[in-house]
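Asker: Here's my sequence, what's the structure:
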Amino acid sequence: MKTYIDKHKQRFLDELMTLLRMPSISADSAYQEDVLKTADAVAAFLKAAGANNVDVCETPGYPVVYGDYHVDDALPTVLVYGHYDVQPADPLDLWDSEPFNPVVKVTDIHPDGAVFARGACDDKGQFFMHLKAFEAMVATGNTPCNMKFMIEGEEEVGSSNLAWFVQRNHQRLSCDVIVISDTGMIAPGVPSITTGLRGLSYVEVEVTGPNRDLHSGLYGGAVANPINALADMISQLHDKDRQVTIPGFYDRVETMPQKERDRLAKAPFTLDAYKQSLDLNGIQGEKSYSTMERTGIRPALDVNGIWGGYTGEGAKTVIASKAYAKISMRLVGEQDHEAITKAFTTYFMSLAPEGVKVKVSPFHGGQPYVCPTDHPGYLAAEKALKVVYGMDALPVRSGGSIPIVALFEAELGVKSILLGFGLDSDAIHSPNEHYGLRNFYDGIRSIPLFYQFYAEGTTS
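Answerer: Numbering: from 1, shown residues only. The predicted structure is shown next:
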């Protein structure tokens with residue numbers, strides 16, 4: 001297996017480069033043909049690797065690429081999920097090289113080189129590891145599991161039609177575990193497995209006062225100012241200990257055992273370096289929790305945008321008729337995003353002073369997700385990473401949200417193993433996105449071991 005991978009590693013990279021040259025930007029309809037061509041290219045790579053029943057499956061939006069490889073009914077089945085669409089490359093002037101003309105550069109963090117291109121890490125480079133690992137397994141006659149692949153084209157726009165596809169393909173997608181490489185490692189050379197993702201409730205609020213913008217001299221001090229009211233209402237969403245004040249907000253938040261908190265604390269983290277990297281002179285967060293815990297095992301509420309009134313150059317003395325804010329809540333444990341959205345709406349409207357009207361518009365959301373560290377899939381990933389890296393993998397809780405993971409569990413009844421090889425410094429969604437070559441090849445080496453250990457752990 002290792003010999004095969006080493007022999008073909010340059011070809012693997014060349015083929016990834018081909019995929020990265022395709023501007024599969026799902027958010028921009030101008031790239032529709034490119035997205036569709038990318039789906040066809042993924043299907044061709046999957047078929048060339050040895051998959052059977054490869055199909056570019058139509059949805060109401062962009063297609064899902066499916067393929068499978070059946071070995072034996074007695075063996076477990078693993079479903080690999082990834083996405084072939086990418087974020088827009090803007091702002092283009094901040095890229096050091098063309099976003100869709102991939103180049104390899106050596107960096108301090110990646111002394112073996114990294115490929116710079118939009119989608120290099122998120123998620124073309126990461127899902128492509130699975131295709132190349134699968135190719136190596138088939139070519140060397142080492143396929144200890146049945147394998148299925150589901151690579152979608154709308155993740156960067158909220159997986160708009162993935163639920164539609166999954167709900168209509170339960171039998172085709174039936175499996176024992178799902179593997180996803182769309183997360184990251186905690187530090188260079190330090191293997192980790194993401195065991196939890198925060199859920200999400202996202203809303204926009206609108207506060208309306210007078211029926212038109214008013215002269216702030218003629219009316220100032222006499223009528224409610226929607227911008228002032230909105231600021232006051234937002235300030236009441238946290239108490240002095242930085243806990244969210246929405247009634248019932250914490251009712252379904254899990255209390256993590258100290259043993260697991262201690263395991264999470266083993267992750268390499270330096271508060272001074274954290275502050276320095278963000279140019280901060282201090283940190284803020286919920287009392288009695290560390291920074292890592294605040295972003296992984298605790299919920300949070302943040303204002304993502306706020307506007308109203310005159311924001312142009314110079315002065316304009318007005319009391320605005322309306323003020324707006326976008327607010328997101330990251331959820332953990334058994335918090336339900338629909339229940340939290342409802343609780344937020346009720347509470348926020350209750351904070352409104354006389355003289356204003358409030359409207360809350362929910363956008364989108366998703367459930368939190370946790371994978372137990374004693375799950376056979378987690379244990380298999382842990383063993384595989386130890387072989388490749390020579391050290392125990394650390395369990396980490398991600399502050400981010402991947403709503404489809406909870407969707408998979410609800411629809412297919414199986415857990416997902418979040419086996420990512422990217423780094424926080426890889427600039428996903430930003431100019432100069434890149435993916436380390438060592439991470440790419442280590443992923444290809446780790447994935448066949450995952451299948452081996454998973455088969456051993458579930459059939460013994």
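
Asker: Quick check: chain neighbours aside, which residue is closest to the spatially most central residue of the chain?
Answerer: For the chain, the residue nearest the mean C-alpha position is residue 402 (4.6 Å; C-alpha atoms, centre = their mean). Nearest residue to residue 402 in three dimensions, chain neighbours excluded: residue 197, at 5.3 Å (C-beta to C-beta, 6 or more residues apart in numbering). Where C-beta positions appear, they are placed from N, C-alpha and C, glycine not excepted.

Asker: OK, contacts around that neighbour?
Answerer: With contact set as C-beta atoms under 8 Å, 6 or more residues apart in numbering, residue 197 has these partners: 368, 369, 397, 398, 400, 401, 402, 405, 406, 418.

Asker: What count of nearby residues applies to the second one?
Answerer: Right, the one you point to is residue 369. Neighbourhood size, residue 369 [other C-beta atoms under 10 Å]: 25.

Asker: I figured it hits residue 404, correct?
Answerer: No. Residue 369 lies out of contact with residue 404 (C-beta atoms under 8 Å); the separation is 9.5 Å.

Asker: which SS class is residue 344?
Answerer: Secondary structure, DSSP: H, G, I helix; E, B strand; the rest coil: residue 344 is helix.

Asker: residue ranges for the helices of this protein, please.
Answerer: 2-20, 32-49, 124-139, 162-167, 170-173, 216-219, 226-235, 258-264, 271-278, 291-294, 337-350, 376-389, 403-412, 437-459 (DSSP state H).

Asker: Distance-wise, check the residue nearest to residue 166 when sequence neighbours are not counted relative to residue 209.
Answerer: Spatial nearest neighbour of residue 166, chain neighbours left out: residue 411 (4.9 Å); criterion: C-beta to C-beta, 6+ apart. Going from residue 411 to residue 209 by C-beta to C-beta, to the nearest Å gives 45 Å.

Asker: Could you do residue 246 as well?
Answerer: 24 Å.

Asker: which of the two has more neighbours?
Answerer: residue 209 (26 against 18).

Asker: wait, isn't the more buried one in contact with residue 308?
Answerer: No. Using C-beta under 8 Å, residue 209 is not in contact with residue 308; the gap is 9.8 Å.

Asker: Show me the common contact partners of these two, please.
Answerer: Common neighbours of residue 209 and residue 308 (C-beta under 8 Å, 6+ apart) are 226, 320, 322.

Asker: give me phi/psi at the second one?
Answerer: Phi and psi for residue 320, reported as degrees, to the nearest 10, are phi -70, psi 150.

Asker: beta partners of the residue nearest to residue 402?
Answerer: Beta-bridge partners for residue 197, by DSSP bridges, are residue 369, residue 398.

Asker: low-scoring pLDDT stretches of the stretch 51-200 of the chain, where are they?
Answerer: The model of the stretch 51-200 of the chain has no residue with pLDDT under 70.

Asker: contacting residues for residue 245?
Answerer: 236, 237, 238, 239, 347.

Asker: surely the third one meets residue 301?
Answerer: Yes. The pair residue 238 / residue 301 is scored as a contact, 7.1 Å apart, by C-beta under 8 Å.

Asker: Overlap in contacts, the two.
Answerer: Joint contacts of residue 238 and residue 301 (C-beta under 8 Å, 6+ apart) are residue 244.

Asker: Among those two, which residue is more densely surrounded?
Answerer: The residue with more neighbours, out of residue 238 and residue 301, is residue 301; 21 against 16, by other C-beta under 10 Å.

Asker: Name the residues that touch stretch 103-111?
Answerer: With C-beta under 8 Å, 6+ apart, stretch 103-111 has contacts from 13, 97, 112-117, 188, 423, 425, 434, 436-439.

Asker: With stretch 50-58 instead?
Answerer: 39-40, 43, 46-47, 63-70, 134-135, 138-139, 147, 149, 165, 169.

Asker: Mind giving me the PyMOL command for buried ones among those?
Answerer: Buried members of the contacts of stretch 50-58, defined by 16 or more other C-beta atoms under 10 Å, are picked up in PyMOL with:
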select buried, resi 39+43+46+63+64+65+66+67+68+69+134+135+147+149+165+169
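
Asker: distance of the residue in the chain sticking out farthest from the centre from residue 228?
Answerer: Here the chain reaches farthest from its C-alpha mean at residue 218, the gap being 49.6 Å by C-alpha atoms, centre = their mean. Per C-beta to C-beta, residue 218 is found 17 Å from residue 228.

Asker: between the contacts of residue 197, which is nearest residue 129?
Answerer: Nearest to residue 129, judged by C-beta to C-beta, of the contacts of residue 197 is residue 418 at 13.9 Å.

Asker: beta partners of that closest one?
Answerer: The partner residues for residue 418, given DSSP bridges, come to residue 180, residue 194.

Asker: again with the one 4 residues further on
Answerer: On the basis of DSSP bridges, residue 422 takes part in beta bridges with residue 184.

Asker: I'd like the distance between it and residue 440.
Answerer: Distance from residue 422 to residue 440, by C-beta to C-beta: 10 Å.

Asker: any residues in contact with both of these two?
Answerer: residue 125.

Asker: Surely residue 112 touches residue 437?
Answerer: Yes. Here residue 112 lies in contact with residue 437, judged by C-beta under 8 Å, at a distance of 5.2 Å.

Asker: more crowded one of the two?
Answerer: Set residue 112 next to residue 437 and count neighbours by other C-beta under 10 Å: residue 437 wins out with 20 against 13.

Asker: mind listing what residue 224 touches?
Answerer: 209, 353, 354, 355, 356.

Asker: Could you find the closest non-adjacent residue to it?
Answerer: Among residues not flanking residue 224 along the chain, residue 355 sits closest, at 3.0 Å (C-beta to C-beta, 6+ apart).
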